[in-house]
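> Got a sequence here, can you build the structure:
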Amino acid sequence: MKINVIKRVLKANDIVAQENREKFKSAGLLAVNIISSPGSGKTTLLEKTIPALGEKKSIVIVGDLETTRDAKRLEPYAYQVTQIQTGMSCHLYANQISESLNDLDIEKTDFLFIENVGNIVCPGEFDLGENAKVVLLSVPEGDDKVAKYPTIFRVADVVLITKIDLLGVLTFDLDRVKNDLAKLNSNVPIIKISSLKSDGMDKWMDWLKEKHNSSIGEQAKFVTE
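Take a look at the predicted model:
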């Protein structure tokens with residue numbers, strides 16, 4: 001008898017992911033899964049995003065193979081931070097998120113940011129219970145990555161083109177990226193952003209707040225200026 005181990009693993013993961021999703025809904029928070037290649041700017045983005053949310057509390061779960069370096073960087077900004085060391089695993093699983101929630105005050109927070117392991121292949125297959133998948137593509141990575149790694153871009157709720165301050169310095173065809181995305185995920189929003197210079201941060205914050213309102217159903221949570 002042939003046993004498809006991959007499907008069994010995914011099914012078990014999806015069961016826990018749905019349990020996580022129910023916990024997030026009950027707590028009234030928005031869970032955001034941030035996915036990218038290593039070095040695309042996930043941690044820097046969070047360093048700028050969390051303070052910009054003002055009084056809204058954020059929890060961060062960081063996934064890395066080793067070290068607590070990113071968690072330590074984010075600790076001054078977030079309400080709570082926890083680190084998951086995955087060892088040899090190239091992505092986070094729903095059960096790891098579930099276990100982390102035991103030590104987090106999710107009832108007292110508005111946002112849960114999951115900084116996934118640096119990888120744009122495996123995370124696309126594993127639901128964590130998040131409300132949104134945010135995929136980062138940095139200018140230094142090149143403009144061919146959407147076509148080469150389509151799985152993650154098909155399921156993205158928004159694509160952030162990061163490090164745009166390097167446009168014109170490095171060869172990067174933005175139209176090529178947009179055309180490739182249109183073939184995979186035609187309605188996905190694309191936001192150009194430089195966390196270093198804060199370019200595009202206003203559009204990113206608008207998207208994040210709108211997503212919170214639509215997912216949580218509490219339109220009064222934020223006041224639009």
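
> just the helices in the protein please.
For the chain, the helices defined by DSSP state H occupy 5-27, 42-52, 69-74, 94-101, 145-148, 150-154, 174-184, 201-216.

> Any chance of those helices in CSV with mean neighbour count as columns?
For glycine as for every other residue, the C-beta is placed from the backbone atoms N, C-alpha and C. As requested, the helices of the chain are exported to CSV (neighbours: other C-beta atoms under 10 Å):
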stretch, mean neighbour count
helix 5-27, 15
helix 42-52, 19
helix 69-74, 17
helix 94-101, 19
helix 145-148, 17
helix 150-154, 18
helix 174-184, 15
helix 201-216, 17
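
> would you list those in JSON lines and tack on distance to Val81 and mean pLDDT?
Listed next are the helices of the chain as JSON lines, based on distance: least, C-beta to C-beta, whole Å; pLDDT from 0 to 100:
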{"stretch": "helix 5-27", "distance to Val81": "17", "mean pLDDT": "87"}
{"stretch": "helix 42-52", "distance to Val81": "10", "mean pLDDT": "97"}
{"stretch": "helix 69-74", "distance to Val81": "5", "mean pLDDT": "96"}
{"stretch": "helix 94-101", "distance to Val81": "10", "mean pLDDT": "96"}
{"stretch": "helix 145-148", "distance to Val81": "29", "mean pLDDT": "97"}
{"stretch": "helix 150-154", "distance to Val81": "24", "mean pLDDT": "96"}
{"stretch": "helix 174-184", "distance to Val81": "32", "mean pLDDT": "97"}
{"stretch": "helix 201-216", "distance to Val81": "18", "mean pLDDT": "92"}
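
> Indicate which one of those is closest to Ile84.
helix 94-101 (5.2 Å; C-beta to C-beta).

> Mind giving me the packing neighbours of the closest one?
Packed against helix 94-101 by the contact rule (3 or more C-beta pairs under 8 Å, 6 or more residues apart in numbering; DSSP states H and E) you find helix 5-27, strand 58-64, strand 80-85.

> what does it rub up against?
13-14, 16-17, 19-20, 23, 61, 63, 82, 84, 86, 114, 126-129 (C-beta atoms under 8 Å, 6 or more residues apart in numbering).

> quick check: angle from it to strand 80-85?
140 degrees (axes from the mean of the first three to the mean of the last three C-alpha atoms, to 10 degrees).

> what's Ile34 in contact with, if anything?
42, 45-46, 113-116, 134, 136.

> ok, back up a step: out of the helices and strands packed on helix 94-101, the one nearest Gly142 is which?
strand 58-64 (23.5 Å).

> quick one on the thing from earlier: now distance to Glu141 too, for the helices and strands packed on helix 94-101, in CSV please.
Output for the helices and strands packed on helix 94-101, formatted as CSV (distance: least, C-beta to C-beta, whole Å):
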stretch, distance to Glu141
helix 5-27, 27
strand 58-64, 19
strand 80-85, 24
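
> Of these, give the one that comes closest to Ile164.
Short answer: strand 58-64, nearest of those by C-beta to C-beta, at 23.8 Å.
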